[in-house]
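Novice: This is the structure alone, sequence omitted:
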C-alpha cells in the first residue's frame, strides 16, 4: 500500500503531545502522554506494524480537511452518496500538567444518513508491542506489556474485539444533526483517569477548545501587521505549530512530531522529537513577533539551563525535550536524523550565544548569573575555533575547516563583546583579537576569488548552501561584492526553480536528494536582507504554495522517491517561514519592530 503524503495529514496537539490524522479519518501517529513517549499509533511511517485508529463512512466517500479558523481543532469532511458528515479531532488544552491526556473524536452528520465504521489497532512502542484488549465498562481497555501502556477506547456504541483480542471495531449510524464522541484515554496508577474506574469520562465539548485556541492565536496589532501579505494565514498557522510543540513541562521545542525512516519497514524510538540549540535566536524572534512571549521565555530558560549545566565542553547540538543528553548508544535516532549530538560542531556555540544576545535584545534582561558561563564559552572558542569539526551537515567519517563553523565562532565572540558592553562587564583583549583573526581568516581562506564566492571549507572550491549564513549573520555588508557574488553563485549552481539544494556535488549526499524547504527560505531571507525585496517577495509567495492545504510544512518536498519528508511538520521550516515573512514585511510595509532583527543591526566600525 502506498504511503499517504503530508498533504493528506493534519496536526492536533496540546503542548504535551500531538497526533497526525489523515484525510481518511485515521490517526496514524500518536504518543501519550508526552510527545516523546512511545507511540500508540505509528502507521504514518510503518503501515505494516505501526497501528492506526480510523473512523470513516462505510463504502465510498470523498474527504477533505480543514481547521476551525485560527485553531488546531481539525475537521475532516466526508461526502457519501447518502449524506455529509464530519469527524472533529482535538486534544483538550492542559496548562501545567497532562492530567487529561485525551484524544477527542466527535462524529457528526450534517445532512442525510451515514453508516460509520471504527477500527482501532494500537501497536505500542512503535509496532513492537501488540496490545491485548478486554471489555471494560467504559468501552475497551488496551493493555501493553509496559505498565504505562493502559488506554481506554470509550464510545457510546457497542465495540467488538477481533484479531486475537488486539483490535477493536465498531459500527454505528447517525442521521442529520446527530453526533457521538469517541475518546482515546491514557490512564495509569495514580492518575485521576485511573483505568480501574468504571465511571465513564464525560466527553469534552469542542467549542471550549476552539475558543482557547483562538485566544492563543496570533492577533494583528491595530497599527497593522508586519506579516501582512498573501502568507499571513500561513504565518499564523506556523505560530500555532511552534506554540503547540513548545513543551509546557520543559520549554524545549520538538523539531517535529515524528520523522520518517529512510526505510519504511520500522518506526523508531525518538525520530526528530528532540529539541535543538540550533536556530534558537530565530525561534525567539519568531515567537516574540507572533505574540508568544511566554513560550520565548520558556525556550530561553531551557537553553540557559543547558549552558549552566553542561558548560563549553559539554554542550551538544540536540537534547531530549526535557534537556537530557542522548546518544546513539541509547537511541537509533541519530542514524536517521543524520547528526550525532556528541560530535564536535562549532556552529552550536554560535547558535547558543546568538540566542542569548537576541533574548537580551527582546526582553532587555538576562539571568544575573549568566556572565561567567558566557566567559567560559568565549575563552573556549578563542582556542577551539582552530580545530576542524563535523560542520553543519553530516559528512560521514571526516572533519574539515568549514567556513560556516568559523563564521559562527566569529559571531559568538562578536555577540559576547556586544553583551559585555551592554552589561558593563569587562571585555577580554583576547576575544577582540581572536574575533579579528577569525574575520581575516574567513575572508582569506574561505573565499575563492576566481569564482567570486565564499566556499564550503578552507582550501576547497566547492560551494554549499551553508554559505547563506554569511548574509544572515551580517558577516559583511549586504552590498559587499563578495556577498553578492556568493548569492549569485548559490542561485546559479544550487537553485532548482524556487528551491535551493544543499550542495552542487550531490554525490556527497544522495543522488536523489529531495528538494529542501529550509535552505530555500533561508535564501529568500538572505535576499530580503540584501534589499532585493521584489525577488524575496516573489520567492516567498511561491514557497508558501508548497505547504499542505492546512498550512503545514515538512523540511522537504515529497517526490515518488521520497514519499514522506524526514520531518513533518518541521519546526525549522515553520520558524524560517515566520522570519522570512518578518524581514519581507518589515521592508515591504515599513513596519516598525522595537529591536534590531538578526542581521539588521548597524555594523560596528
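Specialist: Alright, I've got the coordinates. Since we're looking at a predicted model, the values are computed, not measured. Numbering: from 1, shown residues only.
Novice: what helices or strands is the longest strand that the chain contains leaning on?
Specialist: In the chain, taking DSSP state E as the definition, the longest strand is strand 102-123. Packing partners of strand 102-123 (3 or more C-beta pairs under 8 Å, 6 or more residues apart in numbering; DSSP states H and E): strand 39-41, strand 51-57, strand 74-80, strand 83-90, strand 167-175, strand 179-186. For every residue, glycine as well, the C-beta is placed using N, CA and C.
Novice: Let me have the ones you listed in TSV, extended by mean pLDDT.
Specialist: Listed next are those as TSV, based on pLDDT from 0 to 100:
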stretch	mean pLDDT
strand 39-41	94
strand 51-57	97
strand 74-80	98
strand 83-90	98
strand 167-175	97
strand 179-186	96
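Novice: so of those, which one's packed in deepest?
Specialist: Per-residue neighbour counts averaged over each of those give the maximum for strand 39-41, namely a mean of 29 (mean count of other C-beta atoms under 10 Å).
Novice: what does that one contact?
Specialist: Judged by C-beta atoms under 8 Å, 6 or more residues apart in numbering, the contacts made with strand 39-41 from elsewhere in the structure are 19, 27-32, 50-53, 122-127, 151, 184, 267.
Novice: can you count the residues close to residue 199?
Specialist: The criterion is other C-beta atoms under 10 Å. On that basis, residue 199 has 8 neighbouring residues.
Novice: What of residue 367?
Specialist: By other C-beta under 10 Å, 15 other residues sit near residue 367.
Novice: so which helix or strand takes in it?
Specialist: Element membership for residue 367 (DSSP states H and E) is empty, with no helix or strand holding it.
Novice: mind checking how far the residue nearest to it when sequence neighbours are not counted is from residue 458?
Specialist: With C-beta to C-beta, 6 or more residues apart in numbering as the criterion, residue 367 has its nearest non-adjacent residue at 5.9 Å, and that residue is residue 304. Note on residue 304: its distance to residue 458, by C-beta to C-beta, to the nearest Å, is 33 Å.
Novice: now do residue 556
Specialist: Distance check for residue 556 against residue 458: by C-beta to C-beta, it reads 29 Å.
Novice: Also residue 583?
Specialist: For residue 583, the distance to residue 458 (C-beta to C-beta) stands at 30 Å.
Novice: Could you do residue 184 as well?
Specialist: In this structure, residue 184 lies at 54 Å from residue 458, with C-beta to C-beta as the measure.
Novice: Pull the distance from whichever strand or helix holds residue 354 to the chain's centre.
Specialist: Secondary-structure assignment from DSSP H and E places residue 354 in helix 347-363. Remark: helix 347-363 is offset 19 Å from the chain centroid, using C-alpha atoms, centre = their mean, to the nearest Å.
Novice: Pull out the buried residues from it.
Specialist: 347-362 (16 or more other C-beta atoms under 10 Å).
Novice: Please name the nearest non-neighbouring residue to residue 432.
Specialist: Ranked by C-beta to C-beta, 6+ apart and with sequence neighbours excluded, the top spatial neighbour of residue 432 is residue 417, at 6.5 Å.
Novice: same question but for residue 348, I mixed them up
Specialist: Leaving out its chain neighbours, the residue that sits closest to residue 348 by C-beta to C-beta, 6+ apart is residue 317, at 4.9 Å.
Novice: okay, now that neighbour: neighbour count?
Specialist: If you count neighbours by other C-beta under 10 Å, residue 317 ends up with 20.
Novice: what's the pLDDT at it?
Specialist: With respect to pLDDT, residue 317 scores 90.
Novice: Would you mind confirming that it is in contact with residue 350?
Specialist: No. With contact defined as C-beta atoms under 8 Å, residue 317 and residue 350 do not form a contacting pair (11.6 Å).
Novice: Point to the helix or strand of the protein where mean pLDDT is at its lowest.
Specialist: Ranking every helix and strand in the chain by mean pLDDT, DSSP states H and E puts helix 334-337 at the bottom, with a mean of 38.
Novice: Looking only at residue counts, what's the top helix in the protein?
Specialist: As assigned by DSSP state H, the longest helix anywhere in the chain is helix 293-314.
Novice: ok, and for that one, which residues are buried?
Specialist: Using 16+ other C-beta under 10 Å as the test for burial, helix 293-314 gives 295, 296, 297, 298, 299, 300, 302, 303, 304, 306, 307, 312.
Novice: Where does pLDDT dip in the stretch 101-250 of the chain?
Specialist: Low-confidence segments of the stretch 101-250 of the chain, defined by pLDDT under 70, span residues 188-198.
Novice: Show me where it has its strands.
Specialist: Applying DSSP state E, counting those that start in this stretch to the stretch 101-250 of the chain gives strands spanning 102-123, 129-130, 132-136, 139-143, 150-154, 160-162, 167-175, 179-186.
Novice: ditto for the stretch 501-605 of the chain
Specialist: Defined through DSSP E, counting those that start in this stretch, the strands belonging to the stretch 501-605 of the chain, from first to last, are 567-570.
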